[in-house]
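Undergrad: Give the three-dimensional model of this entry:
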Amino acid sequence: MSVVTEGQNTDQFKDFGVKLINEVNKILVGQETMINRLLTGMLAGGHVLIEGMPGLAKTTAVKVLAEAIDTGFSRIQFTPDMLPADVIGTEIFNPKEATYSIKKGPIFSNLVLADEINRAPAKVQAALLETMQERQVTIGGQTYKMDQPFMVLATQNPIEQEGTYPLPEAQIDRFMLKIKVGYPSKDEERKILDRMAGGQTEPVINKVTSPEEIFAAQQMVDQVFVDDKVRNYIVDVVQATRVESGDNPAGVEGMIEHGASPRASIYLMQGAKVHAFLQGRNYVTPHDVKTLVPDVLRHRIMLSYEAEAEGKSPEGIIQTILDFIQTILVPAAPPP
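TA: Purely as a prediction, here's the structure:
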């Protein structure tokens with residue numbers, strides 16, 4: 001596939017997304033939403049957190065996606081006894097030459113799989129999340145920029161599982177999206193059994209894109225048109241999560257301790273642009289925004305004690321907000 005340059009039709013990028021998703025589907029059954037969100041995070045230049053019970057193909061999805069891209073890939077398996085140097089690297093002293101050398105850690109790659117990030121202690125989590133934010137690492141007084149594209153795909157088990165360390169709210173906010181992975185349907189689970197039957201050869205994953213093509217796609221995403229009414233709609237949704245705004249709909253008042261920051265508005269618009277882009281459109285609709293709202297906001301809303309006592313969930317609060325805020329009508333395409 002050749003690099004798509006500015007001015008070419010977005011249908012070519014729609015095809016680019018379809019090819020990548022099809023390669024992943026050679027191994028995975030179902031989980032279309034998870035795959036789409038991973039691609040959304042990549043094209044938006046953000047990081048993605050995937051949460052689900054063990055055995056739901058979270059790690060497999062990321063590994064297969066990396067195989068389909070002709071770029072660097074690194075996997076970090078987090079454990080409670082890890083140190084920050086195990087992630088970012090360290091300075092090593094050579095006694096024979098009386099010199100220091102830098103040994104870079106596994107974070108130095110394009111796609112980094114941070115497997116079971118909530119099993120690592122706080123210092124290790126902080127080292128990783130700082131790298132995600134700054135896109136650089138300092139070792140021995142020297143600063144090293146991360147290669148582009150750089151994306152962290154982190155997986156975690158729910159915090160109810162033993163032996164986990166939940167990520168602090170201020171740090172989890174650095175993830176653009178938080179995806180919740182559920183159990184497969186009955187038909188999907190049957191297909192999984194059929195694929196695992198003895199004698200079947202595992203499909204070969206072809207590399208269908210490259211860092212250059214991803215960078216070109218990111219540039220095209222930046223050019224996707226967002227109408228002023230859609231921008232206002234994004235702000236209204238995010239504002240409704242904040243107690244201080246006074247714009248909370250009925251049923252939300254008293255349910256939220258802390259709402260989403262302006263970073264949520266930025267990520268929501270960027271994610272909506274990618275969603276429109278992958279549909280072959282060069283403009284954003286309210287549907288693009290609503291599709292991404294749960295994944296952008298669920299980890300940015302801190303429920304109050306009353307909400308937790310009543311069994312409320314971030315997803316339920318988000319749906320109440322979306323039902324309250326009137327869907328807007330916008331032009332079908334950008335003005336000439």
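
Undergrad: So, low pLDDT: which residues of the stretch 51-200 of the chain?
TA: 159-163, 197-200 (pLDDT under 70).

Undergrad: mind listing the strands for it?
TA: 73-77, 89-94, 99-104, 111-115, 136-139, 142-145, 151-156, 177-180 (DSSP state E, counting those that start in this stretch).

Undergrad: of those strands, which approaches residue 255 most closely?
TA: strand 177-180 (18.9 Å; CB to CB). Backbone N, C-alpha and C define where each C-beta goes, glycine included.

Undergrad: strand partners of the closest one, parallel vs antiparallel please.
TA: strand 48-51 (parallel) (DSSP bridges).

Undergrad: all helices for the stretch 151-300 of the chain, in order.
TA: Taking DSSP state H, counting those that start in this stretch as the criterion, the stretch 151-300 of the chain carries its helices at 169-172, 186-195, 211-222, 228-239, 262-278, 286-297.

Undergrad: And the contacts of the shortest one?
TA: In this case it means helix 169-172. Residues outside helix 169-172 that contact it (CB atoms under 8 Å, 6 or more residues apart in numbering) are 49, 125-126, 129, 178, 258, 299, 302.

Undergrad: can I have whatever helix or strand residue 315 lives in written out in CSV, keeping just the CAs?
TA: Assessed by DSSP states H and E, residue 315 sits inside helix 314-324. Taking Å, rounded to 0.1, in the frame of the first residue of the first chain, the C-alpha atoms of helix 314-324 are listed here in CSV:
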residue,chain,number,x,y,z
PRO,A,314,-20.0,5.8,35.2
GLU,A,315,-21.6,4.3,32.1
GLY,A,316,-25.1,4.9,33.6
ILE,A,317,-24.3,8.5,34.5
ILE,A,318,-22.9,9.1,31.0
GLN,A,319,-26.0,7.8,29.4
THR,A,320,-28.2,10.1,31.5
ILE,A,321,-26.1,13.0,30.3
LEU,A,322,-26.4,12.0,26.7
ASP,A,323,-30.2,11.6,27.0
PHE,A,324,-30.4,15.0,28.6
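
Undergrad: Remind me what that helix packs against, helices and strands.
TA: Applying 3 or more CB pairs under 8 Å, 6 or more residues apart in numbering; DSSP states H and E, one finds that helix 314-324 contacts helix 286-297.

Undergrad: could you flag which of the contacts of helix 169-172 are buried?
TA: 49, 125, 129, 178, 299 (16 or more other CB atoms under 10 Å).

Undergrad: What does the pLDDT read for the last one?
TA: Okay, so that is residue 299. Listed pLDDT for residue 299 reads 92.

Undergrad: Grab the nearest non-local neighbour of it.
TA: residue 178 (4.0 Å; CB to CB, 6 or more residues apart in numbering).

Undergrad: what sits against the one you found?
TA: 48-51, 172, 295, 298-299.

Undergrad: Residue 29 in helix, strand or coil?
TA: Per DSSP: H, G, I helix; E, B strand; the rest coil, the secondary structure class of residue 29 is coil.

Undergrad: per-residue confidence for it?
TA: On the pLDDT scale, residue 29 gets 79.

Undergrad: cool, and the one 5 residues further on?
TA: At residue 34 the predicted local distance difference test score is 84.

Undergrad: circling back: which of the buried ones among the contacts of helix 169-172 sit farthest apart?
TA: Largest pairwise distance in the buried ones among the contacts of helix 169-172, by CB to CB, is 15.0 Å, between 125 and 178.

Undergrad: could the buried ones among the contacts of helix 169-172 go into CSV alongside distance to residue 80?
TA: Listed next are the buried ones among the contacts of helix 169-172 as CSV, based on distance: CB to CB, whole Å:
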residue, distance to residue 80
49, 19
125, 11
129, 17
178, 22
299, 22
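
Undergrad: ok, so of the residues you listed, who is nearest residue 278?
TA: residue 178 (19.6 Å).

Undergrad: Now do that closest one against residue 136, distance only.
TA: To residue 136, residue 178 is 24 Å away according to CB to CB, to the nearest Å.

Undergrad: And for residue 44?
TA: 20 Å.

Undergrad: follow-up on the earlier one: possible to save the strands of the stretch 51-200 of the chain as TSV with distance to residue 254?
TA: Output for those, formatted as TSV (distance: least, CB to CB, whole Å):
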stretch	distance to residue 254
strand 73-77	40
strand 89-94	47
strand 99-104	49
strand 111-115	35
strand 136-139	42
strand 142-145	45
strand 151-156	29
strand 177-180	24
